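Participant: fold the stuff below for me.
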Amino acid sequence: MITKKYLFVIFFSFFCTNLFSEEAPKKIIILEENLELEKVDVEQSEKKSESENEANLEEVISDTENEENKNLIVIDDIPKEFNDWYGILPSEEGGLGWLMWGNTNSFLAKNLLERTNFSTQSPTLFKLTSKILMSRAQKPKEKNLEGINGSLNDGSELKYLKAKIRILSDIGDTANINKLIDNIPLEIKDDNFYNLIFNLRISDKDIPYICNELQKKKFDVKEDIEKRKTLIACIIAKRKYSQAQLALDLLENDSVESLSFIKTVRKFLEEPSA
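Facilitator: The predicted model follows:
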C-alpha cells in the first residue's frame with residue numbers, strides 16, 4: 001500500500017514537472033509580446049505628445065506675432081511719389097520727425113523759411129537749421145489765404161525745395177545741399193532743374209561750385225551781366241589776371257552800368273597783392 005502511495009507521488013511530481021516545463025515558454029512568449037505592445041504604445045504616445053507640443057508652440061508663436069503686429073505703428077500716409085518737403089534725415093538720426101510741421105499750414109511754413117534769418121555764427125543754431133531743412137517730414141497742410149499775393153503764396157512746382165536750397169546756400173551748408181539734390185528723382189533733374197539750382201545758389205559761399213558751374217554753362221553774355229561779373233571774379237581767384245583784364249574790356253563795351261564794378265576790379269588788378 002505504501003509502495004502505491006510512493007508511486008503515486010512520484011508519478012504526480014513527474015506529471016507536474018512536465019506540465020510547468022511546457023507552459024513556461026508560452027508565458028515568456030506572451031510576456032515578451034505584451035512588452036513589445038507596451039513599447040509601441042509608449043512610442044506612439046511620445047510621438048503624439050511631441051506633435052501636440054509642436055502644434056501648441058506654433059500656435060503660441062502665431063498668437064505672439066499677431067499681437068506684435070497689432071501693436072505696430074504703421075505710417076501709411078507716406079506717398080510714393082516725390083514730395084519736395086521730404087528731406088533725408090530720419091528721426092533716428094536726429095531728424096525732427098515725420099509730423100514735424102503738425103497742423104502748420106503751408107503759407108506759414110514757407111513764411112518761416114523765407115523770412116527767418118538763418119545766418120548765424122553759432123554751431124548749435126547751424127545744426128538746428130540744418131535739421132529743420134533736412135528732416136524727412138510730411139508737408140504742411142495746403143491752405144490758400146485770400147488776399148495774400150507774392151512768392152509766399154506761390155503754388156509753383158518745387159516751391160519748398162527752392163526755399164530749402166536757398167537757405168542752405170546762405171549758411172554755406174554745401175554737404176546737405178548735395179545730399180538733398182542726390183535724393184531727388186532723376187526724372188525731375190533735367191537741365192532746367194540744374195539751372196534753377198544754380199540760380200538759387202548764385203550767392204553761395206561755395207565759390208568753387210559757382211565758378212565751375214559758370215564755366216560749364218552757356219549764357220547770353222549781353223543779358224546775363226551779373227554772371228559775367230561773377231565769372232570775372234572766378235578768373236581773378238585763379239590768378240589769371242590777363243584773362244580777367246580782357247573780360248573787363250569786353251564788359252566795358254557791353255554794359256555802361258557796370259563801370260563802377262570795372263573800375264574797382266581794375267584797381268585791384270593793378271595791385272592784386274594789396
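
Participant: isn't Gln138 up against Gly102?
Facilitator: No - here Gln138 does not reach Gly102: they are 9.3 Å apart, not a contact under Cβ atoms under 8 Å. For every residue, glycine as well, the C-beta is placed using N, CA and C.

Participant: between these two, which has more neighbouring residues?
Facilitator: Counting neighbours by other Cβ atoms under 10 Å for Gln138 and for Gly102 shows that Gln138 has the greater number, 18 against 10.

Participant: which phi and psi does the more buried one have?
Facilitator: phi -70, psi 140 (degrees, to the nearest 10).

Participant: how far away is it from Lys164?
Facilitator: Counting by Cβ to Cβ, to the nearest Å, the separation of Gln138 from Lys164 is 15 Å.

Participant: now swap in Met100 and tell me
Facilitator: Distance, Met100 to Lys164, by Cβ to Cβ: 13 Å.

Participant: likewise for Thr124?
Facilitator: Using Cβ to Cβ, Thr124 is found at 20 Å from Lys164.

Participant: these two - which one has more neighbours?
Facilitator: Lys164 (21 against 8).

Participant: who's the closest spatial neighbour of the more buried one, skipping the chain neighbours?
Facilitator: The shortest distance from Lys164 to any non-neighbouring residue, by Cβ to Cβ, 6 or more residues apart in numbering, is to Leu133 (4.8 Å).

Participant: helices and strands around the helix or strand hosting that neighbour, which ones?
Facilitator: If you go by DSSP states H and E, Leu133 is part of helix 123-134. Where contact means 3 or more Cβ pairs under 8 Å, 6 or more residues apart in numbering; DSSP states H and E, helix 123-134 is packed against helix 159-170, helix 174-182.

Participant: mean pLDDT lowest for which of the ones you listed?
Facilitator: Looking over those, mean pLDDT reaches its minimum on helix 159-170, with a mean of 85.

Participant: pull out the buried residues from that helix.
Facilitator: Of the residues in helix 159-170, 159-170 count as buried by neighbour count, 16 or more other Cβ atoms under 10 Å.

Participant: make a markdown table out of those residues and add distance to Leu89.
Facilitator: Below are the buried residues of helix 159-170 laid out as a markdown table (distance: Cβ to Cβ, whole Å):
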| residue | distance to Leu89 |
| --- | --- |
| Lys159 | 20 |
| Tyr160 | 15 |
| Leu161 | 15 |
| Lys162 | 19 |
| Ala163 | 17 |
| Lys164 | 12 |
| Ile165 | 15 |
| Arg166 | 18 |
| Ile167 | 15 |
| Leu168 | 13 |
| Ser169 | 18 |
| Asp170 | 19 |
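
Participant: what's the closest of the residues you listed to Glu252?
Facilitator: Taking Cβ to Cβ as the measure, Glu252 lies nearest Ser169 of the buried residues of helix 159-170, at 30.2 Å.

Participant: which residues touch Asp170?
Facilitator: Contact partners of Asp170, counting by Cβ atoms under 8 Å, 6 or more residues apart in numbering, are 118-119, 203.

Participant: Lys238: which of the helices and strands packed on helix 123-134 is closest?
Facilitator: helix 174-182 (19.5 Å).

Participant: for that closest one, buried residues please.
Facilitator: In helix 174-182, counting by 16+ other Cβ under 10 Å, buried: 174, 176-177, 180.

Participant: just for this protein, where's the confidence low?
Facilitator: 1-84, 143-157, 218-222, 272-274 (pLDDT under 70).

Participant: the stretch 101-250 of the chain: helices as residue ranges?
Facilitator: 106-115, 123-134, 159-170, 174-182, 191-200, 207-216, 225-237, 241-254 (DSSP state H, counting those that start in this stretch).

Participant: ok, back up a step: can you put the helices and strands packed on helix 123-134 in CSV and add distance to Gly87?
Facilitator: As requested, the helices and strands packed on helix 123-134 are exported to CSV (distance: least, Cβ to Cβ, whole Å):
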stretch, distance to Gly87
helix 159-170, 8
helix 174-182, 7
